[in-house]
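Colleague: Okay, sequence plus prediction incoming.
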Amino acid sequence: QAGLTQPPSVSKALRQTATLTCTGNSNNVGNLGAAWLQQHPGHPPKILSYRDGHRPSGISERFSASKSGNTASLTITGLQPEDEADYYCSAWDDSLSARIFGGGTKLTVL
Amino acid sequence: EVQVLESGGNLVHPGGSLRLSCAVSGFTSTIRAMNWVRQAPGEGLEWVSGINFVNGKSNYADSVKGRFTVSRDSSKNTLYLQMNNLRVEDTALYYCVGEVAGWDFDSWGRGTLVIVSS
């Protein structure tokens, strides 16, 4: 099954802003949007944003999600060392009747 | 809040079978769906299967269709994944994941490891 497209890696300096992208098509991201997950090594993923852009309780306001056409974005402001992690987007694909993930973006905070 | 705990992972030969279990506790009445998501060593996330608790429908990734079966026992608050005809490429950490506050993966277990090797 085809997945969503994410850049493999992004590097940004401490306290800067990082914008991670997730590109799909009209059957998935363009239709219902994408959720965002964060995963630190050795830990299960944690949801940062639901597909409608809503943040779960306890998630910092530094994380914000948006969508334009078939591309979803996660913006992280004021980068902190603990933001260094893998980030995944996920969406429902109507044509596949399946959930799909992006390949993940490894964020490095310099 | 919902908690999930996976079990049943093991070393199995190619062509063998295994059943994973996922015990769910907490506010189980709020669960919209439950899924199995796997992660091969050093790789990304792959959705495997899911059950929609609202309409009872289950779905599968093409890679496991016809080999894996997801089911639930409501009386035991337990989700299962029956895996048959296992292949080396099924080797992964299998997470049980709930959709509770929204239709997305918001409640994760710690995973159970399945190794398929001769």
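Modeller: That came through fine. Because the structure is a prediction, the values reported are computed rather than measured.

Colleague: Chain A contacts on chain B?
Modeller: Counting by C-beta under 8 Å from any C-beta of the partner chain, the residues of chain B close to chain A are B:35, B:44-47, B:50, B:59-63, B:95, B:101-106, B:108-111. Where C-beta positions appear, they are placed from N, C-alpha and C, glycine not excepted.

Colleague: Which of those residues fall in strands?
Modeller: B:35, B:45, B:46, B:47, B:50, B:59, B:60, B:95, B:108 (DSSP state E).

Colleague: Let me see the confidence value for residue B:113.
Modeller: For residue B:113, the model assigns a pLDDT of 98.

Colleague: Check which helix or strand it maps to.
Modeller: strand B:112-116 (DSSP states H and E).

Colleague: That strand pairs with which strands?
Modeller: Next to strand B:112-116 in the sheet, as set by DSSP bridges, lie strand B:11-12 (parallel), strand B:92-99 (antiparallel).

Colleague: Could you export those as TSV, including mean neighbour count and distance to residue A:38?
Modeller: As requested, the strands paired with strand B:112-116 are exported to TSV (neighbours: other C-beta atoms under 10 Å in any protein chain shown; distance: least, C-beta to C-beta, whole Å):
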stretch	mean neighbour count	distance to residue A:38
strand B:11-12	15	30
strand B:92-99	25	14
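
Colleague: could you list every residue that touches the residue nearest to residue A:46 when sequence neighbours are not counted?
Modeller: Counting by C-beta to C-beta, 6 or more residues apart in numbering or on different chains, residue A:38 is the residue found nearest to residue A:46 once chain neighbours are left out, at 5.3 Å. Residues near residue A:38 by C-beta atoms under 8 Å, 6 or more residues apart in numbering or on different chains: A:45, A:46, A:48, A:85, A:86, A:87.

Colleague: how near is residue A:38 to chain B?
Modeller: 11 Å (C-beta to the nearest C-beta, to the nearest Å).

Colleague: Tell me the bridge partners for that residue.
Modeller: Bridge pairing for residue A:38 - DSSP bridges - gives residue A:46, residue A:87.
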